[in-house]
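S.K.: 3D, please:
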Amino acid sequence: MSQRRVFTREFKVAVARRILGGESVSAIHHETGIKRSVLYRWRDAYRKDGETGLRLVGRPAAAPGSTRSASSTPEEIAAKRIAELERKIGQQALEIDFLARAFKRVKEDRQRNAGAGGPASTEGSEK
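M.R.: As a prediction, the model looks like this:
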């Protein structure tokens, strides 16, 4: 089993700048031996949040599924929870809207079909 490599923030910044400067991710991968997916993560984190974003890249400080890490303040935890709940409310609003429109269509179809009356076909009925 290979040992996990740890890179300094300065190294990550330099690599991210090289990628954003137009250098090939594959070339950097071959030069450093770092997985392409990791290089793309560094690039995206640097593009989004600058040098600060690269501190956050890597393994989480807390166990997976945990809502609290060692560096989270109660305000940060509350803000994350609020954002999570707001996303959930948005998803539910979309579902409710979809179901309301579907119910309306079914109701309109039933009313249209019920208003037709009479048999569907008169073929074969002799008087």
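
S.K.: Can you show me the CA trace of the helix or strand of the chain with the lowest mean pLDDT as PDB?
M.R.: The weakest-scoring helix or strand in the chain, judged by mean pLDDT, DSSP states H and E, is helix 51-56 (a mean of 78). C-alpha atoms of helix 51-56 as PDB (Å, rounded to 0.1, in the frame of the first residue of the first chain):
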ATOM      1  CA  GLU A  51      -5.700  30.300  -2.200                       C
ATOM      2  CA  THR A  52      -8.200  30.000   0.600                       C
ATOM      3  CA  GLY A  53     -10.100  27.300  -1.400                       C
ATOM      4  CA  LEU A  54      -7.100  25.100  -1.500                       C
ATOM      5  CA  ARG A  55      -7.000  24.800   2.200                       C
ATOM      6  CA  LEU A  56     -10.400  23.100   2.100                       C
END
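
S.K.: same for it, what does it pack against?
M.R.: Applying 3 or more Cβ pairs under 8 Å, 6 or more residues apart in numbering; DSSP states H and E, one finds that helix 51-56 makes contact with helix 9-20, helix 36-49. For the C-beta atoms, the positions are set from N, CA and C on the backbone; glycine is no exception.

S.K.: residues of the longest one that come out buried?
M.R.: Counting neighbours by 16 or more other Cβ atoms under 10 Å, one finds that the buried residues in helix 36-49 are Val38, Leu39, Arg41, Trp42, Arg43, Ala45, Tyr46.

S.K.: how close does the last one get to Phe7?
M.R.: This points to Tyr46. 13 Å (Cβ to Cβ, to the nearest Å).

S.K.: which residues are in contact with stretch 30-46?
M.R.: For stretch 30-46, the external contacting residues (Cβ atoms under 8 Å, 6 or more residues apart in numbering) are 5, 7, 12-13, 15-17, 19-20, 25-26, 28-29, 53-54, 56-57.
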